[in-house]
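Student: structure for this input, please:
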Amino acid sequence: MVHVGKALSGLTKIGSLLGTICIVLMMLHVTADVVGRYLFNAPLTGTIVIVGHYYMIIVVFIALGVAEEKNSHISVEFLTDMMPRTFQGWLSVFSGLFTLFVFGLLAISGFTEAMKKTNSGASMEQGSSLIAIWPSYWAIPLGAGLICLIAAYKVLVRVFKTPNGLHETLEDDEIVHD
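Tutor: Numbers count the residues shown, from 1 in each chain. I've put the predicted structure just below:
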């Protein structure tokens, strides 16, 4: 099981690297557009479409798996901290199953939509250019699929109380094994 966790951690590292690259590219792209627009009266064609349909989508959806692996989602723990550690572990299993259900639906519907957009060759017109946007639709099922894989794996690890190989915090690991 540890090898599966390490492989999933490897996927999240790739996702994190991809997200970081997209943030840097987005920053450079928008800066170049602003400089071109205001200094040379020559903006970059397609900046809005590329930022909105590529960089932002990739950053948001690919990062879902990273957040799940690190237990970095927003949580309010004032009630659960007062519960017995065993109950906290089972509540964690329930939340993992709920995460799996919700993001499983998102992955399926995202895949269906990505197939439609791919088959139709979806593109957007900006200025006099057509920019293909269908590839960006694949970030949704990929990101949702990654969070599903990690959530399912974490549930299995919690239920069977095995080492996981993920890069979680030590505090979360202690709750799992109590």
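Student: just say helix, strand or coil for residue 119.
Tutor: Remark: residue 119 carries the secondary structure label helix [criterion: DSSP: H, G, I helix; E, B strand; the rest coil].
Student: mind listing what's buried in stretch 92-105?
Tutor: Judged by neighbour count (16 or more other CB atoms under 10 Å), stretch 92-105 contains these buried residues: 92-93, 95-96, 99-100, 103-104. No exception for glycine: its C-beta is placed from N, CA and C like everyone else's.
Student: what does stretch 51-58 give?
Tutor: Applying a neighbour-count criterion of 16+ other CB under 10 Å, one finds 51, 53-58 buried in stretch 51-58.
Student: reformat the residues you listed as CSV; add distance to residue 36 and secondary structure.
Tutor: Rendered in CSV, the data for the buried residues of stretch 51-58 read as follows (distance: CB to CB, whole Å; DSSP: H, G, I helix; E, B strand; the rest coil):
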residue, distance to residue 36, secondary structure
51, 14, helix
53, 20, helix
54, 19, helix
55, 18, helix
56, 20, helix
57, 24, helix
58, 23, helix
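Student: between those residues, which sits nearest residue 69?
Tutor: Within the buried residues of stretch 51-58, the smallest distance to residue 69 is 17.3 Å, found for residue 58 (CB to CB).
Student: for that closest one, give its distance to residue 73.
Tutor: Relative to residue 73, residue 58 is positioned 19 Å away (criterion: CB to CB, to the nearest Å).
Student: before we move on, back to that, need the buried residues of stretch 92-105 in JSON lines with pLDDT, distance to residue 117 and secondary structure, can you?
Tutor: Written out in JSON lines, the entries for the buried residues of stretch 92-105 read as follows (pLDDT from 0 to 100; distance: CB to CB, whole Å; DSSP: H, G, I helix; E, B strand; the rest coil):
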{"residue": "92", "pLDDT": "90", "distance to residue 117": "36", "secondary structure": "helix"}
{"residue": "93", "pLDDT": "94", "distance to residue 117": "36", "secondary structure": "helix"}
{"residue": "95", "pLDDT": "93", "distance to residue 117": "32", "secondary structure": "helix"}
{"residue": "96", "pLDDT": "94", "distance to residue 117": "30", "secondary structure": "helix"}
{"residue": "99", "pLDDT": "96", "distance to residue 117": "26", "secondary structure": "helix"}
{"residue": "100", "pLDDT": "97", "distance to residue 117": "25", "secondary structure": "helix"}
{"residue": "103", "pLDDT": "97", "distance to residue 117": "20", "secondary structure": "helix"}
{"residue": "104", "pLDDT": "98", "distance to residue 117": "20", "secondary structure": "helix"}
